[in-house]
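K.L.:
build me a model from this:
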Amino acid sequence: MTELTFQDLKDFQSKEHYLLDTRRTTEFASGFIAGSIFLPVDKNFEKRFKKFFTKNIPLIIIASDHRKVNELEPFFDGIQQPELKGFYLWNDKEVEFYSPRLNMIIEVEADEFLMDMRFDEKILPVDLRSWKEYEEEHLQKSKSLPLDELADIVQIAALEEQSNIYFYGEDGETSLTAASLLKKEGMENVRIVSGGWPAISHDPYFKMIRLSARNKKDMR
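P.N.:
Below you'll find the model as predicted:
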């Protein structure tokens, strides 16, 4: 896999391409190059890569170290599309030159989210968990949209552009991926809830909708 220089990365900014950011959650959240899609290298990587990177356009990987690149190399050796141009190892000093173009995702605590829901009529809470988990228990007035469905541009378009979208799932990585997908499509009114569903479900002040014991039995 070819290592790209900082200048290589700058040259690609004016061309159609994919930027796949595989850095740690905290690193991505603190700042990323506009248009990047965050995808952690975990048990779901292969499945989600094939969903979100479908177009035949060049791909560049952004990683924090060579270990991550070596971990990914066998996977990319086995596929032909999209075309892999190489990888760039994130360097804070170099990327400072990108400062005007760096993007960030706003993260709010569960109590801040609760306060926003009380006073902002445009809030759209989006639950990224599976449909079954959503049906068993979910936040009142929330929308179910499992992460993998965001591979469909129609689903992204269905999110009202005038809404203030708050993503949450079982973990922060899921929310970051979802938020980066929307930002790549030009939607900036996106936030993620810190701690995701676990933080929300353990807060007694959130209004929940739960299936009755009888309805849970019917779902089996």
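K.L.:
from here on, just use CA atoms for contacts and neighbour counts.
P.N.:
OK.
K.L.:
so M208 sits right up against Q140, yeah?
P.N.:
Yes - at 5.3 Å, M208 counts as touching Q140 under the criterion of CA atoms under 8 Å.
K.L.:
quick one: low-confidence parts of the chain?
P.N.:
Regions of the chain meeting the criterion pLDDT under 70 cover residues 13-14, 99-100, 212-220.
K.L.:
all the strands of the protein, residue numbers only.
P.N.:
18-21, 32-33, 37-38, 59-63, 84-89, 102-103, 106-108, 123-127, 137-139, 143-144, 164-168, 190-193, 208-210 (DSSP state E).
K.L.:
tell me the most buried of those?
P.N.:
Stretch with highest mean neighbour count among those: strand 37-38 (a mean of 26; mean count of other CA atoms under 10 Å).
K.L.:
neighbouring strands - and their directions - for that strand?
P.N.:
Note on strand 37-38: by DSSP bridges, its sheet partners are strand 18-21 (parallel).
K.L.:
what's the burial count for S142?
P.N.:
17 (other CA atoms under 10 Å).
K.L.:
and it, what does it touch?
P.N.:
Applying CA atoms under 8 Å, 6 or more residues apart in numbering, we find S142 in contact with L124, P125, V126, D127.
K.L.:
quick revisit: format the strands of the chain as CSV; extra columns: distance to N70.
P.N.:
Output for the strands of the chain, formatted as CSV (distance: least, CA to CA, whole Å):
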stretch, distance to N70
strand 18-21, 15
strand 32-33, 22
strand 37-38, 18
strand 59-63, 10
strand 84-89, 11
strand 102-103, 26
strand 106-108, 31
strand 123-127, 33
strand 137-139, 39
strand 143-144, 36
strand 164-168, 31
strand 190-193, 30
strand 208-210, 44
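K.L.:
and I153, which of the ones you listed is closest to it?
P.N.:
Nearest to I153 among the strands of the chain is strand 37-38 (14.5 Å), distances taken as CA to CA.
K.L.:
contact partners for the spatially most central residue of the chain?
P.N.:
The chain has T177 as the residue nearest its centroid, 1.1 Å off, counting by CA atoms, centre = their mean. For T177, the contact set (CA under 8 Å, 6+ apart) comprises I37, F38, L39.
K.L.:
what is the neighbour count of D77?
P.N.:
Neighbour count for D77, taken as other CA under 10 Å: 10.
K.L.:
what do you get for E161?
P.N.:
Using other CA under 10 Å, E161 has 13 other residues around it.
K.L.:
in contact with Y166, which residues?
P.N.:
I123, L124, P125, V126, V190, R191, I192, V193.
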